[in-house]
Every structure is written in structure tokens, then in C-alpha cells.
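Engineer: no sequence on this one, just coordinates:
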Ligand SMILES: Cc1cc2nc3c(=O)[nH]c(=O)nc-3n(C[C@H](O)[C@H](O)[C@H](O)COP(=O)(O)OP(=O)(O)OC[C@H]3O[C@@H](n4cnc5c(N)ncnc54)[C@H](O)[C@@H]3O)c2cc1C
């Protein structure tokens, strides 16, 4: 007999889980609070640990068409713009980690997932609604993001907490002559991370290279307690570490302010009555660029556990046994990046020396545990 799952949220986690569960024979109903899916968010980095799973859903060709495959992640000094190190991506990433490294607009990824879900007979999607507690379902999944309301139903679940940092995001039309200087100062086919003691800025091409996605992260206040973002005409780069970058960014308008919140992944995720996944369970700050990738990994892992273990409580226990250690390690990498990328003085000098003396092989090997991971292999 088919088992029924209801999911709160048609975000990256909810749609991916629905697709994996439908392929494993489950009947799935998604309830999304929004009336329709707008193109919310900006660029996302999709590392090979995520694209390998999207490939299994048959979605990689559509995703590749909508994304850019950067040639490298370049780390540079924000003031001088001089390179510190580069991790090769492109064909190298596909060969080393068995799947491509891509950058895409979040809205484009969500649209591809939604289109696939709509075509799946075993998935029903209802917009403008929330979870129905009285619905007959074998499992209710909370994939309702960092501001999850499902979380309040689970005693012992970790609350959302403000990280003390704010992301400022903007999209730039590369064809606009106002941005010629900015585009020329960055590698147009790479992810560039510009490091300074009081901020870092990540830039990469999306939408077929027609747009440049900019994210600057620095200390700031939480402001409103949700993701409703205020828009500013300038990014407030702090301190005197911005150098010419401040001038290069001056023509960029429409910066949205995103206070960064996370959720401690060691809290309770739920039980056979209701279970949290994605940002609802373990939102992380974007220093390792792994939030969406973890949501996608959750989908593959949960479907693998539920599809091979008939008892739901046992399946969830099996899932948690694997996902908790993985999430803790990835959150640890995000914390380390935050420390290393915003380092100052002697720590920054030591960081730069280590980065400069590392071979390309050694730099890539540092990502093997992260990008080479197969979340469906429980
Ligand atoms: C500045 C920044 C940069 C980032 N960069 C990256 C990156 O480069 N790479 C990466 O992998 N990740 C990145 N992330 C993280 C990534 O965006 C998230 O981790 C990812 O979108 C989480 O997916 P989710 O499905 O759990 O939540 P969401 O995508 O937030 O989806 C939640 C869904 O649930 C719906 N919902 C909410 N409440 C309810 C309710 N009560 N009932 C029903 N539906 C509800 C919402 O409308 C939404 O559709 C970044 C995040 C930020 C802030």
C-alpha cells in the first residue's frame, strides 16, 4: 500500500524531497504558504554533492542550461584585488568529484524543481495553504525554511538565532556600461571571494553570464525578525579595507539587506509525527555556500531511508544517524571560513601564506569530503 507524506513548504528542500519520495513510490502533498512562487533570492552555488543528486532526478540538463559552470573559486585580497589562491572547478570539478559545480539563480532552480514536481502524478501541490493537522498522512515534513512554523510544534527543536552578520545582495547587468570597471576587475567566469578583516564579498556570473551576483557579508543588526529585506542604493562596506572596490561598487543600486540567521543543527528535528528538514532544521550562514546543497542532500537521504526502511520511526532514526554528523561537519566548515575569511593582522598574514604555498592538488583535496559525498548512500 502506498504511503502518504505531507510537506510544508515548496522551497528547495520541500520540492527536492517530494521528487525523491515520489520516485520511491510515496504519495506526496505539498502545502506552500505563498500564493505562487516568485523569483525570491539571488544566486546560489550548487556544489557537486548537490548536482550529483539533481542529476539522479533527471534535472541536470535543465539546470545546466539555466546556470553557469565557473572555472574556479578565486580568493583575493579585497583591498588590492590581488589573488591569494584558486580552487579549480569546471571540467576539473566534474572529473574529481563526479558532478559539476554550478552557479544559478535561486528562482531558476526552484522553477525547474516545481515544473518537475507538477509533472509527477504522485505529487499534489497546493499554494496559499499551510499544513492540515487533521490530514491523513503517515509523515508530516516541515520544509518551511528558516522561519519555520512547524518547528514550534516540536518540543526541543532549536530556535532561529541571529548570527550577528548581514548579507547585502545585488544583481548587476553585465552588459550595462556602468559596470564595465567592476566586471573587468573580476574574473568573469569564476566565483571570486574578496577577503577583508571586516567583510567579504563574493561575486559570480549567473543567468548565462548576463548577470553578476554580488553578496557582501559584514557585521550588522538583525532589524526586522524575518527575511523581508530593505533595499539600499549603496552597500555600507566598513573600515578602510575596501580600496578601489568601494569605487567599483559605487554604480551598483538595489542592494537588499539580509540579516543572517541560523538554526543549531543539534536540536531536535522531530519524530514520526512531524519532522524538520532543510533550513527549518539546520539553517546555516552562507560562509561554506552549502545551505541549498544541504536541503537537497536531506531530500535524497530521507527518501533513501524511508524507501528502504518500512517503519517510519526506524527510517528517521537511520536518517538522523547519518545526517547529524554530516551537518555538524559542514556547519563547522562554515564557522572556520567565517574566522579565516574575516581574519585580520598576523592571522590574515598566516592565512595568506598558507593559501599561497598550497598546491592546486592540496587545495582541491580539502573539499573531497564535502563535494565527493553521496547523501543517498546511507
Ligand atoms: C545571502 C545568502 C546566500 C546564500 N548562498 C547560498 C549558496 O551559495 N549556496 C547554497 O547552497 N545556499 C545558499 N544559501 C542558503 C539557501 O538559500 C537556503 O539554505 C535554502 O534555500 C534552504 O532551502 P529550504 O527549502 O529549507 O528553505 P526555503 O528555500 O526558504 O523554502 C521554504 C519554503 O517554505 C514556505 N513556507 C514558509 N512557511 C510556511 C508554512 N507555514 N507553510 C507552508 N509553507 C511555508 C516558504 O514560502 C518557502 O517557499 C544562501 C542564503 C543566504 C541568506
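Structural biologist: Perfect, thanks for sending it. What you are looking at is a predicted structure, and each value in this text was computed from that prediction instead of being measured. Numbers count the residues shown, from 1 in each chain.
Engineer: just checking, what packs against the particular helix or strand that has residue 44 in it?
Structural biologist: In the assignment (DSSP states H and E), residue 44 maps to strand 43-46. For strand 43-46, the packing partners by 3 or more CB pairs under 8 Å, 6 or more residues apart in numbering; DSSP states H and E come out as strand 102-105, helix 106-118, strand 199-206, helix 291-308. C-beta coordinates here come from the backbone N, C-alpha and C atoms, glycine included.
Engineer: does the ligand sit close to the helix or strand that it is followed by?
Structural biologist: Going down the chain from strand 43-46, the next helix or strand is helix 48-56, by DSSP H and E. No. Helix 48-56 lies out of reach of the ligand by CB under 6 Å from any ligand atom, never closer than 6.8 Å.
Engineer: contacts for helix 48-56?
Structural biologist: With contact meaning CB atoms under 8 Å, 6 or more residues apart in numbering, helix 48-56 is reached by 16, 46, 60, 63, 93-94, 97-102, 292-293, 296-297, 299-300, 370-376.
Engineer: which of these are close to the ligand?
Structural biologist: The residues of these that also fall near the ligand, by CB under 6 Å from any ligand atom, are 292-293.
Engineer: Show the buried residues in the contacts of helix 48-56.
Structural biologist: With neighbours counted by 16 or more other CB atoms under 10 Å, the contacts of helix 48-56 contain buried members at 16, 46, 60, 63, 93, 97, 99-102, 292-293, 296-297, 299-300, 370-371, 373-376.
Engineer: burial of residue 349, as a residue count?
Structural biologist: A count of nearby residues for residue 349, using other CB atoms under 10 Å, gives 11.
Engineer: same thing with residue 54?
Structural biologist: 26.
Engineer: What does the pLDDT read for it?
Structural biologist: At residue 54, the predicted lDDT confidence score is 98.
Engineer: same check, this time on residue 224
Structural biologist: 58.
Engineer: before we move on, what about the one 4 residues further on?
Structural biologist: The pLDDT attached to residue 228 in the predicted structure is 51.
Engineer: For the residue of the chain found nearest the ligand, which non-adjacent residue is closest in space?
Structural biologist: At 1.9 Å from the ligand, residue 11 is the closest residue in the chain, using CB to the nearest ligand atom. Of all residues not flanking residue 11 in the chain, residue 145 sits nearest, at 5.6 Å (CB to CB, 6 or more residues apart in numbering).
Engineer: Could you double-check that the one you found lies in contact with residue 278?
Structural biologist: Yes. Contact criterion CB atoms under 8 Å: residue 145 and residue 278 qualify, at 7.0 Å.
Engineer: Mutual contacts of those two, please.
Structural biologist: Common neighbours of residue 145 and residue 278 (CB under 8 Å, 6+ apart) are 9, 11.
Engineer: Kindly check the end-to-end length of stretch 152-159 for me.
Structural biologist: End-to-end distance for stretch 152-159, by CA to CA, to the nearest Å: 9 Å.
Engineer: quick one: it near the ligand?
Structural biologist: No. Stretch 152-159 is not in contact with the ligand by CB under 6 Å from any ligand atom; minimum separation 9.9 Å.
Engineer: Note down every partner strand of the lowest-mean-pLDDT helix or strand in the chain and its orientation.
Structural biologist: In the chain, the helix or strand scored least confidently by mean pLDDT, DSSP states H and E is strand 231-232, which has a mean of 81. Each strand that pairs with strand 231-232, with its direction, by DSSP bridges: strand 255-263 (antiparallel).
Engineer: For the stretch 201-350 of the chain, what lies in contact range of the ligand?
Structural biologist: Within the stretch 201-350 of the chain, the residues that sit near the ligand (CB under 6 Å from any ligand atom) are 215, 258, 260, 278-280, 286, 289-293, 295.
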